[in-house]
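J.: Make a model of this:
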Amino acid sequence: MANEVLTVAMLVVMAIGVFSGFPVALVLAGTGFLGFAAAVWVGITDFQHLGLIYLRARGVLTNESVQFTSVPMLIFLGLVLNASGVAETMFRLLGRLLTGVPGRYAIATLLIGLVLAPAAGVIGASVITVALVAYAPMMASGYAPRTAGAAVAASGALGVVFPPAVMLFFISNVFYLRIGLMYVALIVPVLLMVMAFAIYFALTLRKTVEIPLDAPKTNLVSDLLFVLASVAVIAFIPLSIILGFATLTEAAGVGVFGALLVALVRKRLSFSSLNSVTVQTSTMTSMVFFIVLGASVFSLSFHLVGGPDVIFDWISAFDLSRWELLAMLLGVVIVLGFVFDWIEVLLVFIPVLMPIFSELDFADHVGSAYFAQIWIAGLIALALQTSFLTPPFGYALFFAKMAAPKGINLSDIYRGAVPLVAIEIVLIAALISFPQLITWLPEMSLGSADAPQLIQR
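T.: Just a heads-up that it's a prediction; the model follows:
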């Protein structure tokens, strides 16, 4: 009974603290210490275990297999590319290349989100960057407010799950998966999502008469080389990891060098812009690592009071089948994504639910227990990404409204996002039915000697 009371109390205190507006890292750490003190008071543990908190936090940050040093470099890489003007140039180039295609500016907006993948770990920066580039041309071209708003929100959310997005790093860490496999696992699903969104915009905008825009005259070859160089810098990171040429930290370091070189050639690497990017990187990195530390304290205390076992017993009491349990867990992840940032979901809630995920045996459906873990991790990533677009709480929708010009209301963005969310749910259902869409590339990227034994279907 004491374990159940403390479990509920820790979750309630944490929720109240987060909703009250206090810094999340302090709420997590404070709740963890309070939970530990309460556990000592009721006799579940003793103060001799207090040192475990230090050891846990130190172990998380110094774990060589996790490579946390790559996080600030990935953030810095995305911000440098944004400062170099790649989004604006890519939008202008795609607008010219897609001439005659219905919804060409909406499709161009979607593709920008893939290029901005490294910066999309902080979804607000990604959505606002796309909004500043794409809103005005789409509205000037005659797009309805709901279409323009939905395209911007969808573009900003796409990069969250496309390599080398920072979120995939944390998902692979939670599930103890190779980061290279996590990268390739999401390539096919995200490309399918982009294709589905593009087809939707092309069909719904086929009767829209797009007003020609007065674009500045630029060198097409120069624009094309700049965009290709930026894409090559980003693509180098997952490819070098997958092919075994570099670790994540090494690949991120080379990627940062390439981004700085691109910005220098583009003449966008001034002292003031570099200072601004460095400050933004420091701020974002500090936020991430403070949350990591706070989550470590909370997670340890939650385990000491027996929280994961309590939650596992509660859910097991429903006697659900594995498919019903998977559907329920994905639904919980989507709901959590309404309220909490993905960092908090992955570092706080997913570890709490890990005993339940570990009990899900889909080896016969996927082909092996290892690839089943990759499959579930990919579904969780897509569920979180779906939550960013789902009205009325999706983060991407709020940021799209924040950067919207006059004439675009939040209700317009909501209406435009609903069909896109329906497409995502259908896609997740297809990925559940056909896990090969997630596991095929990871299986191909592993050599026969390294590949886990597959079950013959």
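J.: Next, count neighbours for residue 221.
T.: 8 (other Cβ atoms under 10 Å). The way it works is simple: take the backbone N, C-alpha and C, and place the C-beta from them, glycine included.
J.: what's the pLDDT at it?
T.: Predicted confidence (pLDDT) for residue 221: 81.
J.: what's the next secondary structure element after the helix or strand it falls within?
T.: Residue 221 is part of helix 220-242 when elements are defined by DSSP states H and E. Moving toward the C-terminus from helix 220-242, the next helix or strand (DSSP H and E) is helix 248-265.
J.: Now the phi/psi pair for residue 207, please.
T.: phi -100, psi 0 (degrees, to the nearest 10).
J.: what's the neighbour count on it?
T.: By the criterion of other Cβ under 10 Å, residue 207 has 7 neighbours.
J.: on that earlier part again, name the residues of the helix holding residue 221 that are buried.
T.: 223, 226-227, 229-230, 233-234, 236-242 (16 or more other Cβ atoms under 10 Å).
J.: Stretch 404-411 now?
T.: Applying 16+ other Cβ under 10 Å to stretch 404-411 flags 404, 408, 410 as buried.
J.: chain center to it: distance?
T.: Relative to the chain's own centre, stretch 404-411 is displaced by 25 Å; criterion: Cα atoms, centre = their mean, to the nearest Å.
J.: Only alpha carbons, please: show that stretch as CSV.
T.: This file holds the C-alpha atoms of stretch 404-411, laid out as CSV (Å, rounded to 0.1, in the frame of the first residue of the first chain):
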residue,chain,number,x,y,z
ALA,A,404,1.6,33.3,-38.4
PRO,A,405,0.8,36.6,-40.2
LYS,A,406,-2.4,38.5,-39.6
GLY,A,407,-5.4,36.6,-41.0
ILE,A,408,-4.5,33.1,-39.8
ASN,A,409,-6.3,32.0,-36.7
LEU,A,410,-5.5,29.0,-34.5
SER,A,411,-8.9,27.5,-35.6
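J.: Quick check: mean pLDDT of it?
T.: 83.
J.: quick one on the thing from earlier: list the contacts of the helix holding residue 221.
T.: Residues outside helix 220-242 that contact it (Cβ atoms under 8 Å, 6 or more residues apart in numbering): 74, 77, 81, 84, 86, 89-90, 92-93, 96, 115, 117-118, 163-164, 179-180, 183-184, 246-248, 250-252, 254-255, 258-259, 262, 265-266, 445.
J.: now swap in stretch 40-52 and tell me
T.: 2-3, 6, 36, 39, 300, 304-306.
J.: Using CSV, lay out those residues together with pLDDT.
T.: Output for the contacts of stretch 40-52, formatted as CSV (pLDDT from 0 to 100):
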residue, pLDDT
2, 78
3, 81
6, 87
36, 87
39, 86
300, 81
304, 82
305, 83
306, 81
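J.: just the buried members of the residues you listed?
T.: Among those, those that count as buried by neighbour count (16+ other Cβ under 10 Å) are 3, 6, 36, 39, 300, 304-306.
J.: in the stretch 251-400 of the chain, which spans are strands?
T.: Ranges of strands within the stretch 251-400 of the chain: none, based on DSSP state E, counting those that start in this stretch.
J.: low pLDDT regions in the stretch 251-400 of the chain?
T.: Along the stretch 251-400 of the chain, segments meeting pLDDT under 70 span 339-341.
J.: where exactly do the helices run in it?
T.: Counting by DSSP state H, counting those that start in this stretch, the stretch 251-400 of the chain has helices at residues 271-304, 307-316, 322-339, 342-344, 350-359, 363-366, 369-389, 395-402.
J.: what's the closest of those to residue 28?
T.: Nearest to residue 28, of all the helices of the stretch 251-400 of the chain, is helix 271-304, at 3.3 Å by Cβ to Cβ.
J.: That closest one versus helix 307-316: what angle between them?
T.: Helix 271-304 and helix 307-316 are oriented at 70 degrees to each other (axes from the mean of the first three to the mean of the last three Cα atoms, to 10 degrees).
J.: quick one, phi/psi of the spatially most central residue of the chain?
T.: The structure's the chain has its C-alpha centroid closest to residue 160; by Cα atoms, centre = their mean the separation is 3.3 Å. Here is the backbone geometry of residue 160 (degrees, to the nearest 10): phi -60, psi -30.
J.: ok, it touching residue 384?
T.: Yes. Between residue 160 and residue 384 there is a contact at 7.4 Å, judged by Cβ atoms under 8 Å.
J.: anything in contact with each of these two?
T.: What both residue 160 and residue 384 touch, as defined by Cβ under 8 Å, 6+ apart, is the set 167, 342.
J.: A ChimeraX selection for the contacts of helix 220-242, restricted to the buried ones, would help me check which they are.
T.: In ChimeraX syntax, the buried subset of those is picked out as below (16+ other Cβ under 10 Å):
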select :74,77,81,84,86,89,90,92,93,115,117,118,163,164,179,180,183,184,246,247,248,250,251,252,254,255,258,259,262,266,445
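J.: Just give me the closest of the buried ones among the contacts of stretch 40-52 to residue 272.
T.: residue 300 (42.8 Å).
J.: residue contacts, that closest one?
T.: 32, 36, 52-53, 56.
J.: Out of those, grab the one that's most surrounded.
T.: Going by other Cβ under 10 Å, residue 36 tops the contacts of residue 300 with 26 neighbours.
J.: doesn't residue 53 make contact with it?
T.: Yes. Residue 36 is within contact range of residue 53, at 7.2 Å (criterion: Cβ under 8 Å).
J.: shared neighbours of these two, anything?
T.: 300-301.
J.: Need the pLDDT of residue 127.
T.: Residue 127 carries a pLDDT value of 79.
J.: pLDDT below threshold where in the stretch 101-250 of the chain?
T.: Along the stretch 101-250 of the chain, the model assigns pLDDT under 70 to residues 117-125, 209-218.
J.: ok, residue 271 - how many residues close by?
T.: Residue 271: 7 neighbours (other Cβ under 10 Å).
J.: Ok, the one 4 residues further on next?
T.: Using other Cβ under 10 Å, the number of residues around residue 275 comes to 10.
J.: What's the separation between it and residue 259?
T.: As for residue 275, its distance to residue 259 is 16 Å (criterion: Cβ to Cβ, to the nearest Å).
J.: Where does residue 102 sit: helix, strand or coil?
T.: Here residue 102 takes the coil state, with states given by DSSP: H, G, I helix; E, B strand; the rest coil.
J.: Alright, calling it a day.
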